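*Asks:* heads up, no residue letters with this:
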């Protein structure tokens, strides 16, 4: 009987090559966002509830006197393709991968977002996007928003050295720079991170009353892929 020993290294090499070429499995959070029926069902539901609440709050207000503040990423723009590329390349998030993705201007809209924005503007409201994308990427951000059908009245990106959105929220309200719209009554906020809402952080989970405005004036979308929650201790 011929010996199989000479073929063994070749067989092991072929098995190793197959293992190397096997696609990297997606983590559950990414798979849920990109493939589940539940994810778009939930975002559409949230935006429908937000639309009804905003139109009720705006009833009787003069056109142009009020606004809704929204985040951009995972609120209007879907960046799960960027997350998929990181998984495939076995890379972590970095400016080196993020900036080229933003400059592609290729992020699609979150389901429900465009209809919500259009309903707000049709009712006389302004749309202010307050995002922590860097100022250097703001032109690309505006172009991507317009490409999906969102013509924001104002886009405020992150100034150098400060990721705190609260000063920009206040600027939208008072009309102070960097806002260019004049004073506005803010009737609602929409985001995917607790920090997309005025005065909130991760400690809101245990703070009595901190979450009361959600579902009435504040509306949060699911984002299991990333966020300020990732720094929370396990318990």
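*Replies:* Sure, I can see it. Not measured: the values here are computed from a predicted model. Residues are numbered from 1 along each chain as shown.
*Asks:* if you count neighbours, what's buried in the longest helix belonging to the chain?
*Replies:* Among the segments of the chain that qualify as a helix by DSSP state H, the longest is helix 38-58. Neighbour counts using 16 or more other C-beta atoms under 10 Å place 39, 43-44, 46-47, 50-51, 53-54, 57-58 of helix 38-58 among the buried residues. In this view, the C-beta of every residue, glycine as well, is placed from N, C-alpha and C.
*Asks:* same list, those residues, but as TSV with pLDDT and distance to residue 99 please.
*Replies:* Below are the buried residues of helix 38-58 laid out as TSV (pLDDT from 0 to 100; distance: C-beta to C-beta, whole Å):
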residue	pLDDT	distance to residue 99
39	98	26
43	98	26
44	98	30
46	98	29
47	98	29
50	98	30
51	98	33
53	98	35
54	98	33
57	96	37
58	95	37
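*Asks:* need the residues you listed in JSON lines with distance to residue 232, can you?
*Replies:* Formatted as JSON lines, the buried residues of helix 38-58 follow (distance: C-beta to C-beta, whole Å):
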{"residue": "39", "distance to residue 232": "22"}
{"residue": "43", "distance to residue 232": "23"}
{"residue": "44", "distance to residue 232": "28"}
{"residue": "46", "distance to residue 232": "23"}
{"residue": "47", "distance to residue 232": "27"}
{"residue": "50", "distance to residue 232": "26"}
{"residue": "51", "distance to residue 232": "31"}
{"residue": "53", "distance to residue 232": "29"}
{"residue": "54", "distance to residue 232": "30"}
{"residue": "57", "distance to residue 232": "32"}
{"residue": "58", "distance to residue 232": "35"}
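*Asks:* contacting residues for residue 38?
*Replies:* residue 32 (C-beta atoms under 8 Å, 6 or more residues apart in numbering).
*Asks:* and it, how far from residue 51?
*Replies:* Applying C-beta to C-beta, to the nearest Å, the value for residue 38 to residue 51 is 20 Å.
*Asks:* residue 226 now?
*Replies:* Applying C-beta to C-beta to residue 226 and residue 51 gives a distance of 27 Å.
*Asks:* same for the strand or helix carrying residue 100, what does it pack against?
*Replies:* Here residue 100, judged by DSSP states H and E, is contained in helix 95-104. If you count contacts as 3 or more C-beta pairs under 8 Å, 6 or more residues apart in numbering; DSSP states H and E, helix 95-104 packs onto helix 80-89, helix 138-147.
*Asks:* what does the helix or strand containing residue 68 contact?
*Replies:* Using DSSP H and E, residue 68 sits in strand 66-70. Outside strand 66-70, the residues that touch it by C-beta under 8 Å, 6+ apart are 54, 57-58, 76, 113, 117, 120, 124-130, 153, 169, 172, 181, 184-191.
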